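Chemist: Structure for this input, please:
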Amino acid sequence: MNCTRVQDSFIDYQDGSLPADESAALRAHLASCPTCQREWSALQEMTRKLDTLAATPAEPGPRLRENFYAMLETHQREADAPSPFALARGRIDRFFAALLPAQPALQFALAVALLIGGLFAGQHYLAKPVVVAPADDSAKKELADLRKQVDSMGQLVTLSLLQQQSTSDRLQTVLGKMDLKSPDRKVLTDLVGALAFDPSINVRLSAVEALAQHTDDSLVRAGVLYALPKEHAPLVQVAMIELLAGAREQGAQPVFEKLTRDEAVDINVRDAARRALAVLRLPAQPDSKPTATLNPDAKPTLT
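Modeler: Purely as a prediction, here's the structure:
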């Protein structure tokens, strides 16, 4: 078994539903593959954290664990299904394998650099200025501060990748911040940066869980709303939607509506977006905390 197949079989192996011969092959592979050992340890730690979160009434998303296994099972079935484009995809993969650096960390750092360069060029040469009409000077200053903090996320993640931290190390970093009751601004910025840029689904999902405890902070809501349109993993998308709906972030309505209309989006994500829209359209409770309405189409200003 190769590393991809082994890691895709982790959930079935953990639940005891993997056939005996495949289980034996998986154990043999784990015994000799440090990369898969780290991914298995990270999955076990994340599962333990999810169990702890599910047992705490104050933690969000009682359906999160159920969705977690359902999403991974769907992803595995789709990955195992034969594709009529397998030959073409294989040729494309070989082309990029020869073109890109061999180390995944350097590949992702290059992708982040290209993304930042594209945003910079688009802002200066293509995009029209986005007009935001804040209610007062304090709201205007807050939005400006949020954009500046989101701007720094790419640099933080790129620095982390250049240090070649493993997925397990990055996951442990996020999980360590999850227990902080009163994190400072830098901690929240790091978590939003992990959610927006980290290549690991496990790390991004854990970042959502950590941020869900601090939705009263406008930086958290702005960062999640900024990252949601760029996220393509259904499991992480559902968690982000539930976070924004639980925070009653009215600025998320246009993003939710777009997700419900996009047939290319996973059905579970579209259903979650519909439920979130229904929550946001309900009258606010008299004792609920108001949330600042953020512009989901606003792009951060690169400096």
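Chemist: give me the element V265 is part of.
Modeler: V265 belongs to no helix or strand when assigned by DSSP states H and E.
Chemist: who's in contact with the closest residue to it other than its chain neighbours?
Modeler: When the adjacent residues along the chain are set aside, V265 lies closest to L259, with 5.5 Å between them (CB to CB, 6 or more residues apart in numbering). Just so you know, the C-beta spots here come from the backbone N, C-alpha and C atoms, and that holds for glycine as well. Contacts for L259 (CB atoms under 8 Å, 6 or more residues apart in numbering) come out as Q237, I241, V265, V269, R270, A273.
Chemist: got the contact list for the fourth one?
Modeler: I take that to be V269. P234, Q237, V238, I241, L259 are the contacts of V269 under CB under 8 Å, 6+ apart.
Chemist: mind redoing it with 6 Å?
Modeler: P234, Q237, V238 (CB atoms under 6 Å, 6 or more residues apart in numbering).
Chemist: I'd guessed the first one sits against V265; true?
Modeler: What it means is P234. No. Taking contacts as CB atoms under 6 Å, P234 lies outside contact range of V265: 8.1 Å.
Chemist: which of these two has more neighbours?
Modeler: More crowded of P234 and V265, by other CB atoms under 10 Å: P234, with 22 against 16.
Chemist: distance of the residue lying closest to that one once chain neighbours are set aside from Q37?
Modeler: Sequence neighbours aside, D266 is the residue nearest to P234 in space, at 3.9 Å (criterion: CB to CB, 6+ apart). Here D266 is placed at a distance of 30 Å from Q37 (CB to CB, to the nearest Å).
Chemist: what does Q172 give?
Modeler: Distance from Q172 to Q37, by CB to CB: 14 Å.
Chemist: now do L205
Modeler: If you measure L205 against Q37 using CB to CB, the figure is 20 Å.
Chemist: now swap in V6 and tell me
Modeler: In terms of CB to CB, V6 sits 10 Å off from Q37.
Chemist: which one of these two has more residues nearby?
Modeler: V6 (22 against 14).
Chemist: Lovely, talk soon.
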